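Novice: Sequence first, predicted model second:
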Amino acid sequence: MITVEKISNGTVIDHICGGKGKKVLSLLGINENYPHRVALMMNVPSKKLGKKDIVKIEGIFVDVENANLIALITPHATINIIKNEKVEKKFVAELPEKLSIGKCPNPNCITNFEHEFEEFIKSNELYRCSYCERLFKGAELI
């Protein structure tokens with residue numbers, strides 16, 4: 001059994017799809033230069049997912065907007081905000097209805113030549129480009 005210390009103030013992200021923890025850290029801008037403690041546990045046994053990753057990040061509090069971006073990588077991840085070593089807030093990351101990020105993955109889309117940011121609208125579990133109307137998985141957009 002592996003034991004990881006509690007964090008006093010920060011965020012614990014649980015129920016990350018196995019192998020996606022590093023991508024979640026990257027999305028949040030956490031790298032080797034981050035000044036606080038970070039724990040990444042990969043491929044932890046899970047009844048719900050089979051295997052899951054868990055991330056503990058001291059010193060930042062993930063907001064709903066960033067949690068929704070995390071959902072693009074791993075839908076339904078659980079976000080736990082820790083203050084004074086206690087869970088102050090707990091919520092599930094959900095796919096946002098609309099995204100205004102980056103470029104369209106379709107190399108022929110006009111947005112790759114004329115727009116700085118692209119808008120994608122949620123259509124079931126996929127996102128539709130508002131210009132070329134192609135559908136993409138959320139993970140393809142980040």
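Specialist: Everything's here; your move.
Novice: Please list the residues outside the helix ranked longest in the chain that contact it.
Specialist: When the chain is parsed with DSSP state H, its longest helix is helix 64-73. Helix 64-73 has contacts (C-beta atoms under 8 Å, 6 or more residues apart in numbering) with 13, 16-17, 20, 23-24, 27-28, 62, 77, 79, 91, 93-96, 99, 138-139, 141-142. C-beta coordinates here come from the backbone N, C-alpha and C atoms, glycine included.
Novice: and with 10 Å instead?
Specialist: Outside helix 64-73, the residues within contact range by C-beta atoms under 10 Å, 6 or more residues apart in numbering are 11, 13, 16-17, 20-21, 23-24, 26-29, 55, 60, 62, 77-79, 81, 91-97, 99, 101, 127, 137-142.
Novice: buried residues in that helix?
Specialist: Asn66, Ala67, Asn68, Leu69, Ile70, Ala71, Leu72, Ile73 (16 or more other C-beta atoms under 10 Å).
Novice: Which parts of this structure are strands?
Specialist: Remark: strands assigned in the chain by DSSP state E are 10-17, 38-46, 50-58, 78-83, 86-92, 98-101, 118-123, 126-129, 135-137.
Novice: other SSEs contacting the fourth one?
Specialist: In other words, strand 78-83. Other helices and strands packing on strand 78-83, by 3 or more C-beta pairs under 10 Å, 6 or more residues apart in numbering; DSSP states H and E, are strand 10-17, strand 50-58, helix 64-73, strand 86-92.
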